[in-house]
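Asker: no FASTA, just this:
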């Protein structure tokens, strides 16, 4: 009997020792720590509110401030018509594009109303709608129509790409100085970008935030916290496809020698690579919050994959509009496409493991 009890006690001690060792290993690896997600114990409400208050609302505020500066500097340019004022408008344009590229990933909510996304950036413009519509508007010299019927005009000429075309020509200062109506068009489009940005900032602060604070509310925007989290995580995962397919693969063509730099997103202002950097920066900024909902293994895998993507981006000479035409940069860009594939796959698999299924997106089947 003593021998039997001794064996049981010894066995229990060994079992406890093994359990302690396993627990220590898991703790050292990150499991069991509150920093990393437990699939059955994720505070989705906290995740949602933090992402909205720490990234989305500040992003729209920055967009509002930048486009306000763009509107004011456009007025100054049309008044002074000198090199300094043109430079000021270009600086404001780049600040506005920076802000837009940093919040472009949000594809639901107020941005969906009244075609605001397309109004801010009609792209890709595969049939040159912007050029055709803008030329018609500028040549019309119809001041009354510009003032009274702008809202009914094509969305293609209401945003940042149209402004880029007006600012980045061979002799934009002369064209804007000698054609007052052309300058009026610039002012009106800048005003529109500012108006939309102010509305987006206000609506996210005053309406959308409450939808995340009470995601299960009756007649609310979402069904519950999971539905709200799904919408937010889609905005992080799906834009990788846009960078990969539209901002890279489309201008790269089928092989070296087939590339077309004019398919790049902002080739006139030579900021296409800058746009991509800002798009990827969004995911970097999201990592701390993603770590709170993903498993340790997936979070670590995504961080490493993201590092590979950023390293490749840093290897591409700027401006991309020139380097895309060199064989060495072309090879790096092809590698970047591959690594973006893996990043997208890792993110999609990671969120699915914690119960978020992204499902169909608007680009499926394109």
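Answerer: Yep, that arrived. Note that this is a predicted model, so its numbers are computed, not measured.

Asker: please count neighbours and contacts with C-alpha atoms only from this point.
Answerer: OK.

Asker: buried residues in stretch 196-207, which are they?
Answerer: Along stretch 196-207, the positions that meet the burial threshold by neighbour count (16 or more other C-alpha atoms under 10 Å) are 196, 197, 198, 200, 201, 202, 203, 204, 205.

Asker: let me fix that, I meant to ask about stretch 141-153.
Answerer: 141, 146, 150.

Asker: distance between the ends of it?
Answerer: Length of stretch 141-153, first residue to last, C-alpha to C-alpha, to the nearest Å: 15 Å.

Asker: ok, residues contacting it?
Answerer: For stretch 141-153, contacts defined as C-alpha atoms under 8 Å, 6 or more residues apart in numbering pick out 181, 185, 188.

Asker: just the ones of these in strands?
Answerer: Taking DSSP state E, every one of these sits outside strands.

Asker: between the residues you listed, which has the most around it?
Answerer: In terms of neighbours by other C-alpha atoms under 10 Å, the contacts of stretch 141-153 top out with residue 185 at 26 neighbours.

Asker: now do the same contact list for it.
Answerer: Under the criterion of C-alpha under 8 Å, 6+ apart, the neighbours of residue 185 are 138, 146.

Asker: do that again at 10 Å, thanks
Answerer: With contact set as C-alpha atoms under 10 Å, 6 or more residues apart in numbering, residue 185 has these partners: 74, 134, 137-138, 141, 143, 146-147, 150, 157-158, 162-163, 166, 176, 191.

Asker: okay, residue 215 and residue 158: tell me how far apart.
Answerer: With distances defined as C-alpha to C-alpha, the gap from residue 215 to residue 158 amounts to 33 Å.

Asker: the more surrounded of those two?
Answerer: Set side by side, residue 215 and residue 158 show more neighbours around residue 158, with 28 against 22, by other C-alpha under 10 Å.

Asker: pretty sure the more buried one sits against residue 188.
Answerer: Yes - counting by C-alpha atoms under 10 Å, residue 188 is a contact partner of residue 158 at 8.4 Å.

Asker: and the helices in the stretch 151-300 of the chain?
Answerer: With DSSP state H, counting those that start in this stretch as the criterion, the stretch 151-300 of the chain has helices at 160-167, 172-178, 180-203, 209-213, 225-237, 239-242, 250-252, 272-291, 296-315.

Asker: tell me which two in the contacts of residue 185 are the farthest apart.
Answerer: Spatial extent of the contacts of residue 185 (C-alpha to C-alpha) is set by the pair 150 and 176 at 19.5 Å.

Asker: show me the protein divided up by domain.
Answerer: The chain breaks down into these domains under automatic domain parsing: 1-33, 45-223, 238-366.

Asker: cheers, nothing more for now.
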